[in-house]
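No sequence on hand, only this structure:
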């Protein structure tokens, strides 16, 4: 950029025009950072790095940091809850501008002392100048954005003036994109990834229901009543979280979706509309991996959790069901009822895993035949397969 106030005014006007035009069409905060950084570079600012930092509402993460470098798409780095109490956050430039609500510029060239450890890391990367500014948002929320250059001599005063003049218009648009991202993250955490996508796409009315064919997995914790009776509520919650920490990663690793937590169990589905056989294989792998993970959790010299897992395949209807203005994104269907009946037989057969003949049809597996059963409320009978057999072939209807 030329060192003239007119050039600065023109650059601010052009960058603001980009924010109000193409910037508004950016699909998310990452695309906004990428596009805005490219716009600034095109206007002559010698950017070698740009970042945004935003708080988020997510059960696992407290902050989302995005880092852009020229010629690449930005990378998201998620900071877990509790980071506010660590040296990583305390004494950091982000904490400083969020607390003081004022920008910070620091020259990195030379070998003099630097006020924050992260600046030493940036100096080692060859950067020569650094500017970070707070991004104001509604309800007292604060984020931050930073820019750095590797040009000898750093930013010019006019370039710093330009960047600071753009903080306010950028923060307004960044807040909208960050809130969109936050809404998607919150919905995914509470209702699941696919339901979240459907809700954000407009599936919000009561009665909006999607039909899908799915491999289904239902889990249930044995002895939950006894656990609840002899332990405090906070201990019970901690125990359930330990159990789900073993099951959920196994489901997600195989592309499954946890649709519902049901007290001490969960319902997961694996979309079978495109490739049913692969969906069933994925669900079986997930069930076996979950049981393996649970087996490593100990309560003294014995297993910490005894869990029953049922597998079936069929039709699922899920969507918005409820009354008045309160709806729930939930799942219903005949095959879910079959799945629930089968899960109860895990205790009858003393096995942690049961799959129906419908589920296993055509699949290679090591499960043993358990018997042929009539399930209460259903005319057909199902052959069941499990990890071990300790009950008669003919079991009572359940």
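Looks like it came in fine. Just so you know, these numbers come straight off a predicted model, no measurement behind them. Numbering: from 1, shown residues only.

helices or strands up against the strand ranked longest in the chain?
As assigned by DSSP state E, the longest strand anywhere in the chain is strand 307-323. Helices and strands touching strand 307-323, by 3 or more CB pairs under 8 Å, 6 or more residues apart in numbering; DSSP states H and E, are strand 209-221, helix 276-295, strand 326-332, helix 334-348, strand 353-356, helix 357-360. No exception for glycine: its C-beta is placed from N, CA and C like everyone else's.

now the angle between helix 334-348 and it, please.
150 degrees (axes from the mean of the first three to the mean of the last three CA atoms, to 10 degrees).

avg pLDDT for strand 307-323?
Mean per-residue pLDDT for strand 307-323: 91.

ok but residue 351 is inside a helix, no?
No: counting by DSSP: H, G, I helix; E, B strand; the rest coil, residue 351 is not found in a helix; it is coil.

can you give me the helices for this structure?
Here the chain has its helices, by DSSP state H, at 5-20, 29-42, 93-100, 117-124, 157-191, 193-200, 224-230, 233-253, 276-295, 334-348, 357-360.

In CSV: the ones you listed, plus mean neighbour count.
Below are those laid out as CSV (neighbours: other CB atoms under 10 Å):
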stretch, mean neighbour count
helix 5-20, 16
helix 29-42, 20
helix 93-100, 18
helix 117-124, 16
helix 157-191, 18
helix 193-200, 17
helix 224-230, 12
helix 233-253, 16
helix 276-295, 20
helix 334-348, 20
helix 357-360, 19
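
Serialize those helices to TSV and add fields for distance to residue 146.
Listed next are the helices of the chain as TSV, based on distance: least, CB to CB, whole Å:
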stretch	distance to residue 146
helix 5-20	16
helix 29-42	11
helix 93-100	7
helix 117-124	9
helix 157-191	10
helix 193-200	30
helix 224-230	48
helix 233-253	33
helix 276-295	40
helix 334-348	50
helix 357-360	52
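
would you turn those helices into a markdown table with mean pLDDT and distance to residue 260?
Converted to a markdown table, the helices of the chain look like this (pLDDT from 0 to 100; distance: least, CB to CB, whole Å):
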| stretch | mean pLDDT | distance to residue 260 |
| --- | --- | --- |
| helix 5-20 | 85 | 41 |
| helix 29-42 | 96 | 29 |
| helix 93-100 | 92 | 37 |
| helix 117-124 | 93 | 42 |
| helix 157-191 | 91 | 9 |
| helix 193-200 | 83 | 10 |
| helix 224-230 | 81 | 16 |
| helix 233-253 | 93 | 12 |
| helix 276-295 | 96 | 16 |
| helix 334-348 | 93 | 10 |
| helix 357-360 | 96 | 19 |
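
quick one, which of the ones you listed is nearest to residue 75?
Among the helices of the chain, helix 29-42 comes nearest to residue 75, with 8.8 Å by CB to CB.

list the helices and strands the closest one packs on?
Going by 3+ CB pairs under 8 Å, 6+ apart, helix 29-42 lies up against helix 5-20, strand 49-55, strand 61-68, helix 157-191.

Compute the mean per-residue pLDDT across the third one, please.
Going back to what we said before, that points to strand 61-68. Computed over strand 61-68, the average pLDDT equals 88.

That strand: how far from the chain's middle?
Here the centre of strand 61-68 is set off from its chain's centre by 13 Å, with CA atoms, centre = their mean, to the nearest Å.

That strand pairs with which strands, and in what direction?
Strand pairing for strand 61-68, determined by DSSP bridges: strand 49-55 (antiparallel), strand 75-80 (antiparallel).

Name the stretch among those that sits most buried.
Among the strands paired with strand 61-68, strand 49-55 has the highest mean neighbour count (mean count of other CB atoms under 10 Å), at a mean of 22.

what's next to that strand, contact-wise?
Here strand 49-55 makes contact (CB atoms under 8 Å, 6 or more residues apart in numbering) with 29, 33, 36-37, 40, 62-69, 94, 122, 125, 127, 135, 141-148, 174, 178, 182.

cool, and stretch 200-209?
183, 184, 187, 210, 317, 318, 319, 320, 321, 322, 323, 327.

The helices and strands packed on strand 307-323: which one's closest to residue 108?
helix 276-295 (45.5 Å).

which outside residues touch that closest one?
213-217, 219, 243, 246-247, 249-251, 253-256, 268, 270-272, 303-305, 307, 309, 311, 313, 352-353, 355, 359-360, 362-363, 365.

Give the buried subset of those residues as a PyMOL selection command.
The PyMOL command for the buried members of the contacts of helix 276-295 (criterion: 16 or more other CB atoms under 10 Å) is given here:
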select buried, resi 213+214+215+216+217+219+243+246+247+250+251+254+256+268+270+271+272+305+307+309+311+313+352+353+355+359+360
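
residues of the longest strand of the chain that come out buried?
So, applying 16+ other CB under 10 Å, buried residues of strand 307-323: 307-314, 316-321.

Check the offset of stretch 306-316 from the chain's centre.
Averaging C-alpha positions (CA atoms, centre = their mean) puts stretch 306-316 24 Å from its chain's average.

ok, what's across the strand from the closest residue to residue 214 other than its chain neighbours?
Distance criterion CB to CB, 6 or more residues apart in numbering; nearest residue to residue 214, sequence neighbours excluded, is residue 269 at 4.0 Å. Under DSSP bridges, the beta-bridge partners of residue 269 are residue 216, residue 257.

isn't residue 269 right up against residue 335?
No: look at residue 269 against residue 335 with CB atoms under 8 Å: they stay out of range, at 10.6 Å.

Identify the contacts common to these two.
Residues touching both residue 269 and residue 335 (CB under 8 Å, 6+ apart) are 216, 316.

still on that earlier bit, tabulate the strands paired with strand 61-68 (JSON lines), appending mean pLDDT.
Output for those, formatted as JSON lines (pLDDT from 0 to 100):
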{"stretch": "strand 49-55", "mean pLDDT": "93"}
{"stretch": "strand 75-80", "mean pLDDT": "84"}
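
Turn these into a markdown table, including distance to residue 293.
Below are the strands paired with strand 61-68 laid out as a markdown table (distance: least, CB to CB, whole Å):
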| stretch | distance to residue 293 |
| --- | --- |
| strand 49-55 | 32 |
| strand 75-80 | 21 |
